[in-house]
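Need coordinates for the below:
(chains A and B)
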Amino acid sequence: MIEAVPVEVEKNYLTEKQGVLSWFLTTDHKRIAILYTVAVTALFFLGGFFALMMRLELLSPRNWLVSAETYNKLFTMHGIIMVWFFLIPSIPNTLGNFVMPMALGAKDLAFPKLNLLSWYVFMFAAAVTVYALFRGGVDTGWTFYTPFSTSYSTTYVVAAAVGIFISGFSSILTGLNFIATTHKMRAPGLTWYRLPIFVWSMYATSLILVLATPVLAITLLMVAVERIFQVGIFDPALGGDPVLFQHMFWFYSHPAVYIMVLPAMAVVSEIIPAFARKPLFGYKAVAWSSIAIATLGFLVWGHHMFTAGTSVYSAMVFSFLSYCIAVPSAIKVFNWAATIYKGSISWDTPMLYAIGFVGLFTIGGMTGLFLAALGFDVHVQDTYFVVAHFHYIMVGGTVMAFLGGVHYWWPKISGKMYPEGLARVCAIVVFLGFNLTFFPQFVLGYLGMPRRYAAYPEEFQFLHILSTAGATILGVGYVAPLLYLLWAWKYAKPATSNPWRATGLEWKTPSPPPAHNFESTPVVNTRPYDYEAMKEELDLV
Amino acid sequence: MSDPVALELREQFATPEQQRETASAGMWIFLMTEVLMFGALFSAYTVYRILHPQGFALGSSEMDILLGSINTAILLTTSLMMAFAESNAQEGNERWLAICLIAVMLLGAVFLYVKFSEYIEHYHEHKAPGFWFEDSSPYANNVQLFFVFYFIMTGLHAVHMIIGIGIMAFLLFRTWVGSFSAQYHTPIVIGGLYWHFVDIVWIFLYAIFYLPGLHR
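Predicted coordinates for the structure are as follows:
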């Protein structure tokens, strides 16, 4: 039964219980996913507002909108909010929370109460950080480099660090929950090689969450101790080493990039086979490349410090290892391309986002190789080239995949479709706006425009104006889905249980699913992405 | 439904076996996080000890090796008691289970008492980092760095001890109300894992803070 008619289910997870408390005390992973979605969406637009203010300021070579001090706070707030309160939790805690237990054929995550606790911890952390930002903000940049953050900055560094420290517990609880769930909650017959890549990638993400986050927590704790007691853990005047801070910070923050992008790869690996009607090419290679990325991701942090006075030998090793991590990333890209090849492609919105992801991630990844090259890195260190590079990964990669995933699973989450034509137009607007915003920044950086400056030489103005124009288009592209998806939640036509005719256990239960996901525990006896078998079945129908 | 195992089965699990294994896996994953958290501090300590050997040697000579050794012995005993608690739980011997848990808690409290009296002693000797820190040696800054790590690392360990005693109190309460039996005693095993981990961390702390002082 593939073209399932909308089944009238007595109760689903949205109607099972009513009232505000039924949401705030829920342990249902699907409802917690929605709580997270509301929170990270609000924080995304807050961080986006700071970005918009920066882009407006950069319209002119002189300070015309905000002072240099305010500009410092704007890019710091943008970074902190976007990294820790949007990108890190975005896909794992929303789509991951919603889909993963269902993809495993489980009734819930292994530890549902911990899952709810992680949301409360996250909200508390967000409240502390937003409080710090609005009391006057922080001007250290999201990287909190010492000794500026510990000895010189007069802004609310400790409060922001405490907020991020607390959010780390939320990350760890989520990672722990996902790992235990993947190991112990799989449906009968669902062996590791029958798992969707979504689960593999979430598993790899969770490993990083569990292993890297505590190091950041300790590092920020030391920054706070140094600031409060003035004891000089990272202050050279008192025997400390500021470069040690960078080592410890990037030991978390480089793997954190993979916390952001592995879930995006997870989403794309689901969408592409579904809309190319073909099994994912090179399944095992794609699965293990997630684990390889998570492992190698821990060994490349030094490439952030080529100009920080580290030894040339360590720089060469880190450069080499940074090249190595391009291999599993490329394996994924080639396998996605091979999946699309000779597929019968339908250009629905999720596919548009997924294809956009592959292109933009490839550009982001290739420029990452430029930056891993020692000579070129010295030239463009701390310029807009770096800014453009990581925005291609994080915005072009993660945000595109997040939007693609939201559209892909929207029928399952809400039980409604969305306006397909409008959504396709928006996907194209996002793609164009993104490239207009960030491609000029590669050129700016190559020409020598440093990052984190509010004023700049006049010759850069044209490229900055292009970038700001792109940012406004991108802003429209982000607001529109919010509006039409909210509309669709109430007014769009109901969705069938499997509108994309996709494989995966989450599509074998009604939309929206009942509170315990499945009427009876599913048994799996097929390989993943078995679109060939599904095609035969469809032909029979 | 008088079967205690069935009563404790949460709705997301199919069998008690699955629930037990999942709970155990959860604690092991959490301990992985803890290893990295303490590991970051051990790494930073190591870097600075290599950079400033004299200051760290001087700092270590301020440690009270006798109190440190007594505390090590106390903690090892608590781990033994915890192991007894687990075997008593397996045999459904609730009375001895409770006695062992009380022993763990009491000895843990003695450990904390000794630890905090050491802290107060360091404070009176002006060795607590901050503006009240005083040291007349030419390596004063490095001695202070030693004490920064001493206070952060043993302090974080003490926080773990306090949480551990809280867990033991909770387990004691559940033993008292009769939650555990020979068939169902997973929380004892999980709590024990945590306790043994905190214990192991102390062994390393003892080695890096107290033992170097013996060399002088």
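
Could you use CA atoms for every contact and neighbour count after this?
Will do.

What residues does chain B have near chain A?
Contact residues of chain B with respect to chain A, defined by C-alpha under 8 Å from any C-alpha of the partner chain, are listed as B:11-13, B:18, B:21-22, B:25-26, B:29-30, B:32-34, B:36-37, B:40-41, B:44, B:48, B:52, B:129-131, B:141-142, B:144-145, B:148.

what about whichever residue of chain A sits closest to chain B, how many neighbours?
In chain A, the residue found nearest to chain B is A:Pro214; the distance is 4.7 Å by C-alpha to the nearest C-alpha. Residue crowding around A:Pro214 was assessed by other C-alpha atoms under 10 Å in any protein chain shown; the count is 26.

what do you get for A:Glu458?
Using other C-alpha under 10 Å as the criterion, A:Glu458 is surrounded by 10 other residues.

and the residue lying closest to it once chain neighbours are set aside, what does it touch?
Sequence neighbours aside, A:Pro61 is the residue nearest to A:Glu458 in space, at 5.6 Å (criterion: C-alpha to C-alpha, 6 or more residues apart in numbering or on different chains). If a contact means C-alpha atoms under 8 Å, 6 or more residues apart in numbering or on different chains, then A:Pro61 has A:454-458, A:460-461 as its contacts.

did I read that right, the residue of chain A closest to chain B in a helix?
Yes: read with DSSP: H, G, I helix; E, B strand; the rest coil, A:Pro214 is one of the residues of a helix.

where does chain A have low pLDDT?
A:1-10, A:541 (pLDDT under 70).

next one: chain B
By pLDDT under 70, the weakly predicted segments of chain B are B:1-7, B:215-216.

For chain A, what's its nearest residue on it.
Taking C-alpha to the nearest C-alpha, chain B has B:Met37 as its residue nearest chain A, at 4.7 Å.

ok, that residue - contacts?
A:214-215, A:217-218.

what's the answer for A:Cys324, then?
A:Leu296.

give me phi/psi at A:Pro450?
Main-chain torsions, A:Pro450, degrees, to the nearest 10: phi -80, psi 150.

Make sure it is actually in contact with A:Asp382.
Yes: the pair A:Pro450 and A:Asp382 qualifies as a contact (C-alpha atoms under 8 Å) at a distance of 5.8 Å.

so who does A:Ala502 touch?
The neighbourhood of A:Ala502, defined by C-alpha under 8 Å, 6+ apart, consists of A:274, A:531.

now the strands for the stretch 201-350 of chain A?
Counting by DSSP state E, counting those that start in this stretch, the stretch 201-350 of chain A yields no residue ranges for strands.

same deal with chain A?
For chain A, no strands turn up when DSSP state E is the criterion.

Spell out which residues of it are next to chain B.
Residues of chain A that fall close to chain B, judged by C-alpha under 8 Å from any C-alpha: A:106-110, A:172, A:176-177, A:179-181, A:184-185, A:210-215, A:217-219, A:229-233, A:238-240, A:244, A:248.

which among these end up buried?
When the residues of chain A next to chain B are checked for burial by 16 or more other C-alpha atoms under 10 Å in any protein chain shown, the buried set is A:106-110, A:172, A:176-177, A:179-181, A:184-185, A:210-215, A:217-219, A:230-233, A:238-240, A:244, A:248.

one step back: export the contacts of B:Met37 to CSV and tack on distance to A:Phe298?
As requested, these are exported to CSV (distance: C-alpha to C-alpha, whole Å):
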residue, distance to A:Phe298
A:Pro214, 13
A:Val215, 12
A:Ala217, 16
A:Ile218, 17
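
thinking again about what came up before, the residue of chain A closest to chain B touches B:Glu34, doesn't it?
Yes: counting by C-alpha under 8 Å, A:Pro214 touches B:Glu34, with 7.2 Å between them.

shouldn't A:Lys30 be in contact with A:Phe98?
Yes: between A:Lys30 and A:Phe98 there is a contact at 4.7 Å, judged by C-alpha under 8 Å.

More neighbours: which of those two?
Under the neighbour definition other C-alpha under 10 Å, A:Lys30 and A:Phe98 were set side by side, and A:Lys30 has more, 30 against 25.

Of the contacts of A:Pro61, which is the most crowded?
Note: the member of the contacts of A:Pro61 with the most neighbours is A:Ala454, at 24 neighbours, neighbours being other C-alpha under 10 Å.

my guess is it contacts A:Leu58, does it?
Yes: in terms of C-alpha under 8 Å, A:Ala454 counts as a neighbour of A:Leu58; the distance is 6.5 Å.

and B:Trp176, how far is that from B:Glu94?
As for B:Trp176, its distance to B:Glu94 is 8 Å (criterion: C-alpha to C-alpha, to the nearest Å).

These two: who's more crowded?
Using other C-alpha under 10 Å as the criterion, B:Trp176 and B:Glu94 rank with B:Glu94 on top: 21 against 14.

The more buried one: what's it in contact with?
Taking C-alpha under 8 Å, 6+ apart as the contact definition, B:Glu94 lies against B:88, B:175, B:180-181.

The residues you listed into JSON lines, with extra columns for secondary structure and distance to A:Ser206?
As requested, these are arranged in JSON lines below (DSSP: H, G, I helix; E, B strand; the rest coil; distance: C-alpha to C-alpha, whole Å):
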{"residue": "B:Asn88", "secondary structure": "helix", "distance to A:Ser206": "36"}
{"residue": "B:Thr175", "secondary structure": "helix", "distance to A:Ser206": "34"}
{"residue": "B:Phe180", "secondary structure": "coil", "distance to A:Ser206": "32"}
{"residue": "B:Ser181", "secondary structure": "coil", "distance to A:Ser206": "34"}
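
For those, pick the one with the most neighbours.
Counting by other C-alpha under 10 Å, B:Phe180 has the largest number of neighbours within those, with 24 neighbours.

how close does that residue get to A:Leu176?
With C-alpha to C-alpha as the criterion, B:Phe180 and A:Leu176 are 26 Å apart.

now B:Glu11
Distance, B:Glu11 to A:Leu176, using C-alpha to C-alpha: 19 Å.

One more: A:Val387?
Following C-alpha to C-alpha, the distance that separates A:Val387 from A:Leu176 is 32 Å.

How about A:Gly136?
Using C-alpha to C-alpha, A:Gly136 is found at 35 Å from A:Leu176.

go on, A:Thr496?
33 Å.

and what of A:Gly48?
Counting by C-alpha to C-alpha, the separation of A:Gly48 from A:Leu176 is 30 Å.

likewise B:His157?
The gap separating B:His157 from A:Leu176 is 22 Å, by C-alpha to C-alpha.

Kindly report the same for B:Gln12.
From B:Gln12 across to A:Leu176, the span is 16 Å (C-alpha to C-alpha).
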